[in-house]
Every structure is written in structure tokens, then in C-alpha cells.
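Undergrad: here is the input, now give the coordinates:
(chains A and B)
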2 protein chains.
Amino acid sequence: MKENISRRSFLGFGAAAAVAAGAGLAGCAPQAPQAEADLATTGATADIEWNKETDVVVVGFGGAGSAAAIEAARAGAQVVLLEELSNPGGSTVACGGFIMMGGTKLQEQFGLKDDTENFYNYLVAAAGENANKDAIRVLADKSPELYDWCVECGMDFASGNVDTEHHLGGYNAGFSLGYSGNEQAREFAKVAMPVPRGHMPQPSSSGADIFAALSSTVEAEGVEVMTEAPGRRLITDESGRVIGIIAETKDGEVAIKARKGVVLTAGGFGNNDEMLNAYYPYTNRRGPQITAAGNENGSGILMGQAIGADTHGMGCFQIGTTVSTLGDAAAHCIIVDANGHRIVAEDEYNAYVGKATIQAPTSDCYLIIEKPYTEEVELGQRFGEPLGEVGSIEEAAQLTGVNVDVLKSTVDFYNVSAAQGEDREFGKAAKYLTALEKAPFVVYYAGSDTMYTASCGGLKIDTDAHVIDLEGNVIPGLYAAGRNAGTIYGWYMGSGSSMADVLTFGRIAGQNVAAEEGIA
Amino acid sequence: MKENISRRSFLGFGAAAAVAAGAGLAGCAPQAPQAEADLATTGATADIEWNKETDVVVVGFGGAGSAAAIEAARAGAQVVLLEELSNPGGSTVACGGFIMMGGTKLQEQFGLKDDTENFYNYLVAAAGENANKDAIRVLADKSPELYDWCVECGMDFASGNVDTEHHLGGYNAGFSLGYSGNEQAREFAKVAMPVPRGHMPQPSSSGADIFAALSSTVEAEGVEVMTEAPGRRLITDESGRVIGIIAETKDGEVAIKARKGVVLTAGGFGNNDEMLNAYYPYTNRRGPQITAAGNENGSGILMGQAIGADTHGMGCFQIGTTVSTLGDAAAHCIIVDANGHRIVAEDEYNAYVGKATIQAPTSDCYLIIEKPYTEEVELGQRFGEPLGEVGSIEEAAQLTGVNVDVLKSTVDFYNVSAAQGEDREFGKAAKYLTALEKAPFVVYYAGSDTMYTASCGGLKIDTDAHVIDLEGNVIPGLYAAGRNAGTIYGWYMGSGSSMADVLTFGRIAGQNVAAEEGIA
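TA: Numbers count the residues shown, from 1 in each chain, chains lettered A, B, ... in the order given. Predicted coordinates:
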């Protein structure tokens, strides 16, 4: 029934003889095709008036760009690092401070048993059937080495503590290792032994600590940083090799020759509404984007696409609606959909609660919780003002429009589970499984409007971080990493999984572009 | 928190003065960039050795290609219609025979009240928040006219009957109008008055009847058809205008000049595994592709992308797992997920049952039904061999691995609903709502492996069927329709919604390409 045809094989090239039209091209066509002129420029290298020359241009000074620039510079390449904004950092400086790594010295120091295979198994399970297993294998295998590299860049994990319990609400300063994903959730614990893998540098266990180490290493390695200088379009030579880039500066556009190549690390497309409309797979309302220090305008992806790059995982988004970032008390709630069914273990990681919410019928969901818990945790941070306070489950049904019989049945069943100490539906941890029986109950809207969205897809790369074109061929001289690359997804795997991807493939891109023979 | 940046505005062009690199391009760069050479060719029109010349080339002889070719030819254009296979028809000839139209003369003849606004409201609700409302508006508004056009092309709706009841199992020959989507489902009936809109031509109420009328009209209009002649790559001139196409024939590649333009209607990408991996949004297993007469290899989309075209809705797929195509008896089942919850009204349209299935936790679902119903309908057609026959719900839980308490609670609640005559959870029609109480029960696996998948996304077009580039500009001389275009989705709206889209925008593409001034 199913005939698998790769893009290459369906096109059937190679077998074909000299091309009629191609062979007939004899005249002089010096201009770039107009349709692409704004996103790409083509010309012979000798004919371009270069304003600047270097070995490597890295576009975007966040985590991936830092890793690429550091590795390229350490390999002896001259590196220019472009940043669109006045302050660098991108999503890295604004992130939660986790780098998800497995089989590290820090885990060993804390007496925790983990290895790259166990880490791999978690990531593959978390990413699901669409997992890019080749990329995940590289990420997992290089994880112990990445930890050492982070330490070498100046990240301090040694002075923090480990939290071997699962707690909601994130970690304060002083913790350098803790659970950061869905490791302990029922379905994941079946395939990979749960272990804390969220590595957080000190003193503040934050993205700022991660980026401080990276940016000081960038400086130490002699990378030339240009801020307020966004990459605008790639320049290719007659053969299609990327030979430079146009950057926009306060003094106008400058053409920078990149003898060895260009690395695109300019972030995701969470703030580009047209790209979201093109790729976001759900029919439901989208909540706000994750606030990042960068622009998240998709510019690097668009520049790559304009010279024929393929994409990967563009339909993959981290969609988070969560009690897990708020604190333990929040997980004593139930979250029900518009039909009155529970949808998820309420203590699961953001992205899994978000997935369950966006995929629920109409994705209008409601959080119901006994009032005393709301005094221990600020649910309004995520869910805004409550819809109301009610004296019974019947009143909660009335307030939300959920069928009262279904909601009562759901709560009754949940309460029996609580009495038995086992969440028979979703496997929520017993410590959060308390009966919903003492009014008043507080009811929040917890549907798709309350979720944040972050793009995971990007340009298709191979495990060497080469950008791949629509034919499956490497585009010479072009690399991508971070959220400019569609890498390990599948689905979002937990806090710190993006940073692990960003740093692993940023490093690979930097190492490989530096090793290019390059152009004269 | 959210800063919306369109692709155009973020790039900030227009304001910029002459481009350093662009202005510096003085030499002779006659060859197409290598990275795109296989999917696109650029050259001055005078320099290309054309093997053939015409006004319009339409790529793909299915429903959309037929509509485009007919309209272009009727407007006086000389038209060449390329088809990859020896037999034309594409997905149209293999489809279920429905064209979803609202406000038509046939509805009026049968005394059914509908109008373009009511049709629009159904489509927007069905497509969801991501709906391309502009395109849906065009489709709905042109629907009465499309019906007349279909009749004029020779489709016979007059000799059939209407079925004003909702029945599962599709329609046999003799029915020319019936329900074909989710019109009567609870959430949809709230926003649009349910009415049959699935128009089926006679004598056989099939896709073959639709395509027979189209292909004989194509012939009558003097369109030149080349079979076994796939389009391989677009040819653009120095300005980026599409001026022709390379087709592959038994005699080798031929360069066909298209003075007015090229219309891409070469079908979806359901058989292109790499494209599925790039865009399919779910982490779950994919079932088989819908069998179509065409190749569904995404070639038209790839050709467009290679010259800088944008895409739309690439994460949108029709994912069907269904009892609705099997027959009324099947809807007496319940479908539960791996946690034991019902997921959907079991009588809903394929694509909505499929959505609920793929979005269920682990997407392993099970269908449970009293045995006598299985003797009235062949469930194995869709679900294969049953997992087994059981004497109780407890045994069904054991057989499937579902938690027995949850499953019993689900069935008990369902049975009370049946006794009350109202599906309090999902609103399944009362006629299918019978208690699940008399053993033996037959249990089928009804999870993602049993679902079919069809791509809905494609090249981004405007409502004139112009293909749009990554900058938001029209690519001159290039049109797309059918599944080469990402048009009305949102989500799949029901049987015949794709045919309505295919014919509406196919016609628009044909009309507009014929009206082009064109090149010499």
C-alpha cells in the first residue's frame, strides 16, 4: 500500500543525461533571481566588494553561537560573531538554567548511576516515534564530554547540591543537579531509570550563569563580536557554496567574506507569526511565546531556506501549560478538559501537560484545587485570576460549563484513587494524590490561552551540523545549530534538553567549519 | 510579552540602500547555483533551447490540474498538461466521490436550506483557530458557482437521491447528496446548521465519476496532455519570473516554455517519507497513506520551494481512523485510550476520530463492541483481526493492558448515558448509544497503526492562487492548487472538502494564469 520514495530517488537525477535547458545556458545572467534577491545573493567571489574578511562568520550570539565560535577559534580559525541586538545572550541567557546531561562526573560525584545509554533511552522515549535517533545518539554520547567542556568554560557545578527528589517549582540558587523533565512519569520510568540530569551552574542556577561562562570564553578566545549587526542574507558563489553574508550595521550593509563558512545560530521563530501560521500544527489558540532575550524571528531559518535548505521538525513545538514550575502544592489539583475528563498526571513536566492540553477536545481545560493549596503557591502566575471559588463540584461544573455528571464521576474516581494511594488513570505521584473533597474549591481556566509556545524545528542538518538542501545534499560552507537547526526533536524532552542540543551541535558546527579547507 | 514580527518587517528591506554585494556583482555568472541546480534552472529566456512552447503548463492531471487546464483553455490560452503516470486522475479519481458544496441548486431542489455563510461557518469551525479564513471565504462564496460549473462539465447530480439522515458507511450509487463531514457533531452543530453538503455525481457516486467529467472536458477544450511526463524543475528568468519547466519524457528531458506561466497541481507528499519526517507533527506512529492513483511524492511542492516559495499548513494532515466508513452498526462501539478513557463520539467523521486517536496518550486505542454488531459490519476492513473475544469488561482490560478500574468506570458511566439516551461525554447520536453490557465483547486494536494519513499542506498561495515567496511576494508566473497548495487548512473538514478546495483554486489558477500578459 505504501511506496516509500525519498526526495532524491523520486527526482531520478543522475541517470539523466545533459540537461537541455541547463546546457543551453550560454548568456550572461549576472543578477540573482529577483524572487530570492532579498534573502540571498549569488555571485562569483572575485566580483563581490567585500567590506570585511574572516574565516568563519557565526550568526547569533546565544548559546549555540558561543559554542560554535569558541570551538572554531580554538581550532585556529578567525571568527566574526554577529548579534542582532545590543545585548547578546539569546534564549540561553533567559533560560531556566538547566543543561540536561547524562553520564557526567557530577552525577558520579553525587553517587548517581546514569550512563549515555540510559540518557539516550530517556530522550528517545520523550521525543517519541519521530525522534531523530541519529542526532539523539550523538547528543547522548557526547554528553559526558560536554559536561567537562562546560566546566572548562568556567561553569561552576561543584559548589551546588543535588536534589534527588522530584519537586515542582524549579530550583533555587545552590542546586546544581536535579530532575528537570518527565523522567519519573509512569511511561518514561518504564524505559529509562529515572535520575536527575538537569545540571545548573552556580552561583544562581540560572541561564545567566550559563551565558556568563560562555561569553567570557568567547572573549578569551579572541572572537570578534559585532552587536546590533543582524545577518541579512547569505552569499553563495556560482557553485552554490556559501562564501559570506550580508550583515546590517548602523553604518549600512556590509559584505563579510567567510573563507571557511557561515554558522547559523540565530534562534527560533516563536515571534514570527507568519512562520507560526505556516507550521504550527494545532487548530487551537496559541498562548504567548516564551520570553527570550533574542528576537526569535526565524531569520536564520529563512536565510537558509532562501538558498534551498531543507527543514526538519518544523511542526514540533514546546507547548507548556504547567503546574510544575509553580511549586509542589499546585500538583494537588486536577486538570480536566471541557468534557470533564482528566487529561494528564498533573505533576508532569510542562511540555507534557501542555501537549495534553492542546490536544484535548477544544483545548479548554480547567484546574480545580482545594483552597488551602492556593495559599501555598501562586497559581495566578500561570493561570491569571481564578474563574471563581465554589462550594461543590456541581458548582464547579456550572462555572465551567462542563457536564456535571462527567465531572462528578471524574472527581469520585480520582478520590477513590487518592484513598487507595494510586493514580489509576495517569500515575501521578502518590504525594500529590490527595482527595478533592473539602470545599471551597478554586477553579482556574487552564486551557490553551495560558500556554507558552516555543519553536523546536529549523534547518535540516546532518550530525556534522552541515545544512542539508532539498535534494539531501550538503550545502557547502553552511552550518546550523541551536534553534536554527531542526535537530533532536520529536517532542520537547524537558528543561535543559534544548541547551544540551544547542551546545552539542554548536560545538560540532564550530569544529567542522574550522576544519574546512575553505576558499582563497 | 509577544512581539509580532512579520517576515517582511523583520527583514527591514526596502529602506536599505544599494547593496554592497549586489551592486558589486559585475562579472558573468551564467550557471545556476549548484545547490539548487537539480530542482530549478535560471537563465535568460533567449538563451534557453526550448523544445516546446505554449502559453500555460499545468503540472499534474488530477482534479486541480483539470480545473486549471479547463479554465485556462476556455479563456483562450494554449495549455500543455503534464502527468507523471500513464493514467491520469491523481487522488481525485481514487477519492470517495464527494464534493463538499453549500448553497447549491441541488440542495435547493431537495428542499434543503443552506447558504454560503452557513457553509463558511462550518468550514471555519472545522478548520479551527489556524483556519485560513480568507481562502475559506473564497471557497464558500464560489461554492454555488462551482456546483453549476461541475454540472456544466458533465457531472450528473440530478438523477440521484438525497440522504437527509446521518448514516455511516458512505453512500452507494444512487445518492447524489448526503452528510460527509462532522456537521451533526455536537460542537459543530452549535455554530452551523447541519445540512448535507456532500455532492456525489452519478451513476456511481464515486471519484471516477468526478474525474470522467473533468477529463472529458479537458479533452473537449483542446488541452494537450502529455502522460508519463513528470515536471522536474522550474525555469526562471533573470528577474525570477517562471518562464517554463523541464519535463522528463521517454525521449529524455524537454524544456517547455510557458509564456503565461506554470500551474503546479502535482499532489501531496503522503508517500515522501523525508517530507513526512520533516513536517508530521505527532510523535506517534503513522499508519498507512491513503491510496491514491497519483504518486503523492511532493514533487510540485519541492520544485516551488527550490525557487524560494513559502509553504503553508505543512503540519496539517488528515489522519483518519474510523468506524464511520464501515457502517451504522460499528458506531455502537466505544473507543478508549490506553488509560481507559473514551476519547471521542464514535460516530464522528474519520478525521476527527483520527485526531482524537493520534492525540490520545500513547495513541494506543481499543475498540470494544458487543459481538452481534460485528456480524453486521466488517470491522476488520479497518482494524484487522480482533485482539480477542472476551466474556467481561474485566477480561477486556486484561487483554488490552488498560487499568481495569478505569475501564469499568468508563463503561459504567457510558451505560448510564445509554439508559438516559444522552452521551454526556461526547454527544454521540442517541441511535448509536446502546449499553455495552451483553458479553461476549469483541476487542480490536484501534490505535495509530490503523490510521491513514494524507498531507494537507503545500506551497503558500494567495486567494488568486499565485505562489508566494519567503518574503511574502508573488512569484511571477507561478500558480499552485490542489495538494500542491496549502490552502484552506486548519484541519481536515470532511469528505469532499479537499475536492471543493482542489476545484475552486484549480479554476482560479487557470483563470488567472490565462489572464497574464506573459512573456514574448
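
Undergrad: average pLDDT across the lengthiest strand in chain A?
TA: If each strand of chain A is counted by residues according to DSSP state E, the longest one is strand A:252-264. Averaged across strand A:252-264, pLDDT comes to 97.

Undergrad: tell me the helix or strand right after it.
TA: Following strand A:252-264 in sequence order, the next helix or strand is helix A:273-279 (DSSP states H and E).

Undergrad: from the chain's centre, how far out does that following helix sit?
TA: Mean-position distance between helix A:273-279 and its chain equals 17 Å (Cα atoms, centre = their mean, to the nearest Å).

Undergrad: number of residues surrounding the one residue in the stretch 101-250 of chain A that gets nearest to chain B?
TA: Across the stretch 101-250 of chain A, the shortest distance to chain B (Cβ to the nearest Cβ) belongs to A:G128, at 2.2 Å. Heads up, the C-betas are built off the backbone N, CA and C, glycines and all. Neighbour count of A:G128, defined by other Cβ atoms under 10 Å in any protein chain shown: 19.

Undergrad: and it, what pLDDT?
TA: 79.

Undergrad: returning to that earlier point: in its sheet, what does the longest strand of chain A sit against?
TA: strand A:52-59 (parallel), strand A:242-249 (antiparallel), strand A:474-480 (parallel) (DSSP bridges).

Undergrad: just name the most buried of the ones you listed.
TA: Highest mean neighbour count among the strands paired with strand A:252-264 (mean count of other Cβ atoms under 10 Å in any protein chain shown): strand A:474-480, with a mean of 27.

Undergrad: which element follows it toward the C-terminus?
TA: Heading C-terminal from strand A:474-480 (DSSP H and E), you reach strand A:485-486.

Undergrad: in the stretch 351-500 of chain A, what residue is nearest chain B?
TA: Closest point on the stretch 351-500 of chain A to chain B, by Cβ to the nearest Cβ, is A:Q359, at 3.5 Å.

Undergrad: leaving out the residues flanking it, which one is nearest to that residue?
TA: B:Q359 (3.5 Å; Cβ to Cβ, 6 or more residues apart in numbering or on different chains).

Undergrad: related to what we said a few turns ago, could you dump the strands paired with strand A:252-264 to TSV with mean pLDDT and distance to B:E221?
TA: Listed next are these as TSV, based on pLDDT from 0 to 100; distance: least, Cβ to Cβ, whole Å:
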stretch	mean pLDDT	distance to B:E221
strand A:52-59	98	51
strand A:242-249	96	47
strand A:474-480	98	43
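
Undergrad: what are the ranges of the helices in the stretch 301-450 of chain A?
TA: Secondary structure of the stretch 301-450 of chain A by DSSP state H, counting those that start in this stretch: the helices cover A:350-358, A:371-374, A:380-383, A:393-400, A:404-420.

Undergrad: near chain B at all, the last one?
TA: Translated: helix A:404-420. Yes - contact between helix A:404-420 and chain B, assessed by Cβ under 8 Å from any Cβ of the partner chain, occurs at A:D405, A:V406, A:S409, A:F413, A:V416.

Undergrad: I'd guessed A:A140 sits against A:E117; true?
TA: Yes - the criterion here is Cβ atoms under 8 Å, and A:A140 meets it with A:E117 at 7.5 Å.

Undergrad: for the two, indicate the residue with more neighbours.
TA: Using other Cβ under 10 Å, the more surrounded residue of A:A140 and A:E117 is A:A140, with 25 against 14.

Undergrad: how close does the closest residue to A:K250 other than its chain neighbours sit to A:G482?
TA: Residue nearest to A:K250 in three dimensions, not counting chain neighbours: A:E228, with 6.3 Å by Cβ to Cβ, 6+ apart. Remark: distance between A:E228 and A:G482 (Cβ to Cβ, to the nearest Å) = 20 Å.

Undergrad: who has more neighbours, those two?
TA: A:G482 (34 against 14).

Undergrad: that one reaches A:G506, doesn't it?
TA: Yes - the criterion here is Cβ under 8 Å, and A:G482 meets it with A:G506 at 6.1 Å.

Undergrad: shared neighbours, those two?
TA: Common neighbours of A:G482 and A:G506, counting by Cβ atoms under 8 Å, 6 or more residues apart in numbering or on different chains, are A:G63, A:A64, A:G65, A:T265.

Undergrad: highest neighbour count among the residues you listed?
TA: A:A64 (39 neighbours).

Undergrad: just the element for that residue, please.
TA: A:A64 is located in helix A:63-74, with elements delineated by DSSP H and E.
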